[in-house]
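>>> kindly generate the corresponding structure for this input.
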Amino acid sequence: MLIDIIQRIMRKQALIVGCMSLLFLAGCSERMSIYTAQHDKETELSKNTEIYDVYAMYEGLWSTEGKSYEEIIDNGGMIFTIDMSRDEGFDGDIFYQQAESKRVATIENIIGDIENGKVLFDYTDDGWGNNGSIEVLLSQEEVIVKIDRDYEVNSEYALDGTFSLKRMNTANLNAGKQHEIEEAEKYQSYWSAEQIMEEKSKRESIVDDKEYYEFVNDYKESQQVTDGSWILEPLLSTDSIVYSKEQFEEMPKLMIHIVKNEIYARHGYVFKDDKLQDYFEMQLWYVPNREKAFDLNALNSYEKANLEILAELDR
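Numbering: from 1, shown residues only. Modelled structure (predicted):
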């Protein structure tokens, strides 16, 4: 009897010791898992930092033959905006305008890891309903973009092929006439008539060519707008309304050209074309931004849609 009791006690003790051992091992395993996860995270962060340090030089604007925005808009080509982050890695956006048709395609949020100088990405839309794959090769002084569209999608237009890009010469962005509006002020709705006239006179004093200004003034007068108020705000609400081709049927060709470029002017774009630059410097809502390179990503969805229509008409 006593022997049975002793054996039961020993079995319980053994069970307790076994459970305690399992709990200890589980705790060690959990701590080890936490340590391993933390170590992996630190290793990944270190790896991303090393990659960033190697490829940070590719951050910025790349374009066909290094052309400026205006040259791409006028003659067609691709602009690739590249952002690099130690945490997020590679992030890019593509803007492409076809030379003849002026059709515009965009592929946004091209995100991925850089491996041996390459980024692979599957896109689901290029603005025309197409999908496919992209390979970005960061190669010395150029960026090579290979786009392979899915031909199962029947689309009116699509990006496809290999594009060699050079770093955009941002000096070209401001390579036009370098006169400036001294302390230019943007029109505010509360301005008095005296303030409006003062700002208008200040701008007129630095403008050499008023051809486009006079053309638009004559056009507005033909529409019974004779008080000159059209210089206070942009001609069209291209930032909040998507227009149709039919709405431009009666508009003169030069007006279409001006309205198209008005989309860029809203964001302070500085034009190489002296006539355009002089025209917009006469607009009290326009303030040129010569300190920062223009970024197409600044355009909203309305502006991009209208730009596509107007670029096609302005040929």
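
>>> contacts, neighbours, all on C-alpha from now
Noted.

>>> so where do the strands sit in the stretch 1-150 of the chain?
Assigned by DSSP state E, counting those that start in this stretch, the stretch 1-150 of the chain shows strands spanning 60-64, 77-85, 89-97, 104-112, 118-123, 132-139, 142-149.

>>> using CSV, please lay out these together with distance to Phe248 and mean neighbour count.
CSV is the format used below for those (distance: least, CA to CA, whole Å; neighbours: other CA atoms under 10 Å):
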stretch, distance to Phe248, mean neighbour count
strand 60-64, 30, 22
strand 77-85, 25, 22
strand 89-97, 21, 20
strand 104-112, 19, 19
strand 118-123, 33, 17
strand 132-139, 34, 18
strand 142-149, 33, 19
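
>>> for Lys304, find the nearest of those.
Among the strands of the stretch 1-150 of the chain, strand 104-112 comes nearest to Lys304, with 8.6 Å by CA to CA.

>>> show residues contacting that closest one.
89-98, 119-121, 123, 125-128, 158-159, 308 (CA atoms under 8 Å, 6 or more residues apart in numbering).

>>> so which of the strands of the stretch 1-150 of the chain gets nearest Glu291?
Across these, Glu291 has its closest neighbour in strand 60-64 (15.4 Å, CA to CA).

>>> restricting to C-alpha, output the closest one in CSV.
Provided in CSV are the C-alpha atoms of strand 60-64 (Å, rounded to 0.1, in the frame of the first residue of the first chain):
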residue,chain,number,x,y,z
GLY,A,60,14.6,62.2,-59.8
LEU,A,61,13.3,62.7,-63.3
TRP,A,62,14.3,60.7,-66.4
SER,A,63,13.0,61.3,-69.9
THR,A,64,13.4,60.4,-73.5
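
>>> quick check: mean pLDDT across it?
Mean pLDDT, computed over strand 60-64, is 87.

>>> that one - contacts with which helices or strands?
On a contact count with 3 or more CA pairs under 8 Å, 6 or more residues apart in numbering; DSSP states H and E, strand 60-64 meets strand 77-85, strand 161-167.
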